[in-house]
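Asks: Here you go, sequence then predicted model.
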Amino acid sequence: MKFARVIGNTVATQKDERFEGRKMLIIQPVDINFQPEGSYLVAIDAVQAGVGELVLYATGSSARQTDLTKDRPCDCVIIGIIDLVEVKGKTIFNKSSDPEIKDS
Amino acid sequence: MYPGIVIGTVVCSVKTPELTGVRLLLVQPTDWEKNPDGDPLVAGDSVGANRGEMVFYVQAREAAVTLPSVPALDAAIVAIIDDLALYGEKV
């Protein structure tokens, strides 16, 4: 799995009927330094993520393993909202001090 | 299966129900001489690996079947490497 930022959402009226009621978010994959890497992806949201949040996403046929995406034509799913990332004993990300998340 | 070194951990309190209790570790892919090779990735852990350990991990759908709940994982650690010998030479 890789890290990504939720940067928006998308609405599609005409779609595969098995996507009915599924939230589709636009995510920007980021690298280990949380800098944007590659182009945007559309991901089904299995964890009620919000815009700006750092999330973990799974791709490929593994993406069909959640309740929301089982037996559906989905190859990208958000599986977790990241609270903390620790590398070699140092906290490199903490959601509570993340400047990208604005208080609503 | 690919070699890598565990470099850190990831904590998610909000995650899919199948991922409850699954440890998520940051793995730096390496070559066979333990040199970093590619970008770090997040992998589920079914073997109790610790930071600094050299491990084998699997990618894609095979990663999901490493855990009984078959969660939506596309990378998972499947073994901790004790010893590695290439052509009889210890690495």
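Replies: Nice, thanks for sending it over. Bear in mind the structure is a predicted one, so any value in this text is a computation, not a measurement.
Asks: Look at stretch A:32-40 and report the distance between its end residues.
Replies: 17 Å (Cα to Cα, to the nearest Å).
Asks: cool, and stretch B:24-34?
Replies: Termini of stretch B:24-34 sit 21 Å apart (Cα to Cα).
Asks: From chain B, how far off is the residue located most distally from the centre of chain A?
Replies: For chain A, the residue at maximal distance from the C-alpha centroid (Cα atoms, centre = their mean) is A:G89, at 25.2 Å. Here A:G89 is placed at a distance of 8 Å from chain B (Cβ to the nearest Cβ, to the nearest Å). For glycine as for every other residue, the C-beta is placed from the backbone atoms N, C-alpha and C.
Asks: For that residue, give me phi and psi.
Replies: phi 80, psi -10 (degrees, to the nearest 10).
Asks: now chain A, which segments are flagged as low pLDDT?
Replies: Applying pLDDT under 70 to chain A flags residues A:102-104.
Asks: Which parts of it are strands?
Replies: Using DSSP state E, the strands found in chain A span residues A:2-10, A:24-30, A:41-45, A:54-59, A:76-81, A:84-87, A:90-94.
Asks: where does chain B come near chain A, residue by residue?
Replies: B:7-19, B:24, B:26, B:39-43, B:51, B:60-61, B:63-64, B:70-75 (Cβ under 8 Å from any Cβ of the partner chain).
Asks: Buried ones among these?
Replies: B:7-12, B:14-16, B:18-19, B:24, B:26, B:40-43, B:61, B:63-64, B:71-75 (16 or more other Cβ atoms under 10 Å in any protein chain shown).
Asks: For the residue most central in space within chain A, list the residues it contacts.
Replies: Against the mean C-alpha coordinate of chain A, by Cα atoms, centre = their mean, the closest residue is A:I78 at 3.9 Å. Taking Cβ atoms under 8 Å, 6 or more residues apart in numbering or on different chains, we find A:I78 in contact with A:4, A:6, A:25, A:27, A:43-47, A:49, A:55-57.
Asks: Likewise for A:P29?
Replies: A:2-4, A:36-38, A:41, A:57.
Asks: Report the rounded mean pLDDT for stretch B:37-52.
Replies: Per-residue pLDDT values across stretch B:37-52 average out to 93.
Asks: hang on, the earlier thing: mark which of the buried ones among the residues of chain B next to chain A are part of strands, please.
Replies: B:7-11, B:14-15, B:24, B:26, B:41-43, B:75.
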